[in-house]
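Chemist: pasting the sequence and the predicted model now:
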Amino acid sequence: MATHTGGLSTLRTGPSYEVSVRNLIRSFGPKGVLNGVDLDIAPGEFVALLGPSGCGKSTLLRALAGLDGDVRGSGVVKVPEQVSVVFQDSRLLPWDTVLGNVTLGLRDHDADARGRRALAEVGLAGREKAWPHELSGGEQQRVALARSLVREPKLLLADEPFGALDALTRLKMHALLKDLVAAHRPAVLLVTHDVDEAITLADRVVVLQGGRVALERKAGTAVDHSALRGELLEALGVHSAA
Ligand SMILES: Nc1ncnc2c1ncn2[C@@H]1O[C@H](COP(=O)(O)OP(=O)(O)OP(=O)(O)O)[C@@H](O)[C@H]1O
């Protein structure tokens, strides 16, 4: 699914990066959206992408996924071959079972066994034969995660995957995603509007603004959550009294 530029990647970036973006520019008609984005993601690193609505977060994610066509020469210097994408809606095929959705397109002889294992990992063992409409929104997102991870991606791209879920389900999904990422170790780029979600889940938080990376901060358990929260909210133009 992802597209490659080859060649330049070894000149511009160390082999230690899974993803390298240099001076990525994207516009729709005369409107510039991405005006020179630089971003590297190391193997197994979890990066959260924050930014005001319309600043180009999804555009960047789609460029990395190769969803908007050929990205050669556009600034995506390096992306791995195995990329999986999870969106806000699960995008399950309504006419196939849960297991069928997870294994869709897999040709290996052990696809079913792998699909069952992936479903067990997301807490849906026993639901293989269910239809998507029989599942809750949270369960459908679990299936979407299983479908992504069964392909053992080197890069997991997630575009507000929990944005449509209630607060409690969202917290449960955070814990699940943390466990899945710890087990599979893909590099992750998570687009989110939720500053706390970004700080809790990611190793690094990147703020996109004016079509460029405006701020990058280390996140994770070792950092002062509330100080980082304040700094990020300020960068996003939200002035909180807290
Ligand atoms: N296919 C397209 N054609 C024309 N304009 C587009 C297209 N896709 C995105 N845009 C425009 O590019 C800008 C960035 O959109 P994008 O979806 O990347 O922003 P975003 O940061 O993900 O926003 P949000 O947080 O609201 O989801 C927006 O102004 C949008 O209208």
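Modeler: On my side now, so go ahead. Numbers count the residues shown, from 1 in each chain.
Chemist: the nearest residue to Ala125 once chain neighbours are set aside in helix, strand or coil?
Modeler: Ranked by CB to CB, 6 or more residues apart in numbering and with sequence neighbours excluded, the top spatial neighbour of Ala125 is Leu119, at 6.1 Å. Where you see a C-beta, it was placed from the backbone N, CA and C, and this is true even at glycine. Using DSSP: H, G, I helix; E, B strand; the rest coil, the secondary structure recorded for Leu119 is helix.
Chemist: does Leu119 touch Lys129 like I think?
Modeler: No. Applying CB atoms under 8 Å, one finds Leu119 not in contact with Lys129, separated by 10.8 Å.
Chemist: which of these two has more residues huddled nearby?
Modeler: More crowded of Leu119 and Lys129, by other CB atoms under 10 Å: Leu119, with 25 against 10.
Chemist: and the spatially closest residue to Val143 that is not a sequence neighbour, what pLDDT?
Modeler: Once flanking residues are discounted, Val143 sits nearest to Val98: 5.5 Å by CB to CB, 6+ apart. Looking at Val98, its pLDDT reads 98.
Chemist: which ones are touching Val98?
Modeler: Residues in contact with Val98 (CB atoms under 8 Å, 6 or more residues apart in numbering) are 92, 119, 124, 127-132, 135, 143.
Chemist: could you redo the last one with a cut-off of 7 Å?
Modeler: 119, 124, 127-128, 130, 132, 143 (CB atoms under 7 Å, 6 or more residues apart in numbering).
Chemist: out of those residues, which are buried?
Modeler: 119, 124, 127-128, 132, 143 (16 or more other CB atoms under 10 Å).
Chemist: now, the residues you listed that are in strands?
Modeler: When strands are assigned by DSSP state E, not one member of these lies inside them.
Chemist: and Lys57, how far is that from Trp95?
Modeler: Using CB to CB, to the nearest Å, one gets 31 Å for the distance from Lys57 to Trp95.
Chemist: what of Gly105?
Modeler: Plainly put, Gly105 is 15 Å away from Trp95 if you go by CB to CB.
Chemist: before we move on, the earlier item: including pLDDT and distance to the ligand, could the buried ones among the contacts of Val98 go into a markdown table?
Modeler: As requested, the buried ones among the contacts of Val98 are exported to a markdown table (pLDDT from 0 to 100; distance: CB to the nearest ligand atom, whole Å):
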| residue | pLDDT | distance to the ligand |
| --- | --- | --- |
| Leu119 | 97 | 29 |
| Leu124 | 97 | 28 |
| Arg127 | 97 | 30 |
| Glu128 | 97 | 33 |
| Pro132 | 97 | 24 |
| Val143 | 97 | 23 |
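Chemist: check contacts around Thr169.
Modeler: Neighbouring residues of Thr169 by CB under 7 Å, 6+ apart: Gly138.
Chemist: that one - that's part of a helix, no?
Modeler: Yes. Applying three-state DSSP, one finds Thr169 inside a helix.
Chemist: distance of it from the ligand?
Modeler: In this structure, Thr169 and the ligand are separated by 20 Å, where distance is defined by CB to the nearest ligand atom, to the nearest Å.
Chemist: any chance you could map the helices in the chain?
Modeler: Assigned by DSSP state H, the chain shows helices spanning 8-12, 57-65, 98-103, 111-121, 137-149, 167-184, 195-201, 225-235.
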